[in-house]
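[1] what shape does this take:
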Amino acid sequence: MVVYDVSDDKRRLRLARTLERWGLSRIQRSAFTGVLQPARIKDLERLVKTIVDPSTDIVHILPVQDQDWRRVRVIGRQWGEAVVPGAALLK
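    Coordinates of the predicted model:
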């Protein structure tokens, strides 16, 4: 899972497009999820550091185990077509 707060529109758009190219799906405006191998997470971290300004932006890259995803509960409408793997939609 990647969650971010990027102050500059251009950097924020570049980050979002990068995450999408890496196969991650948007689940909120500033939150993406997907499956990456551990080595790819390190590569993504290095790439994100080239995009953001650490003095004004913040990015959280949160590795989440499969068993944790299965316990996720989503309340309300899904963001676009993205669905959290294994999540139950609660209405």
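[2] okay, now the unreliable bits of this structure?
    78-91 (pLDDT under 70).
[3] from the centroid of it, which residue is nearest?
    In the chain, the centroid-proximal residue (Cα atoms, centre = their mean) is Phe32; its distance is 2.3 Å.
[4] distance of it from Leu19?
    Going from Phe32 to Leu19 by Cβ to Cβ, to the nearest Å gives 5 Å. C-beta here means a position set from N, CA and C on the backbone, and glycine is covered the same way.
[5] just Val3 next, same as before
    Val3 sits 11 Å away from Leu19, going by Cβ to Cβ.
[6] and the two? Which one has more around it.
    More neighbours surround Leu19 than the other of Val3 and Leu19, with 23 against 15 (other Cβ atoms under 10 Å).
[7] SS state for the more buried one?
    helix (DSSP: H, G, I helix; E, B strand; the rest coil).
[8] how near is it to Arg73?
    Counting by Cβ to Cβ - Leu19 and Arg73 are separated by 23 Å.
[9] cool, and Val3?
    From Val3 across to Arg73, the span is 18 Å (Cβ to Cβ).
[10] just Thr50 next, same as before
    According to Cβ to Cβ, Thr50 and Arg73 sit 35 Å apart.
[11] thinking again about what came up before, surely the residue nearest to the centre of the chain is within a strand?
    Yes - with three-state DSSP as the criterion, Phe32 is part of a strand.
[12] in contact with the closest residue to it other than its chain neighbours, which residues?
    Using Cβ to Cβ, 6 or more residues apart in numbering and skipping residues adjacent in sequence, the residue nearest Phe32 is Leu24, 4.0 Å away. Listed by Cβ atoms under 8 Å, 6 or more residues apart in numbering, the contact set of Leu24 reads 2, 32-34, 36.
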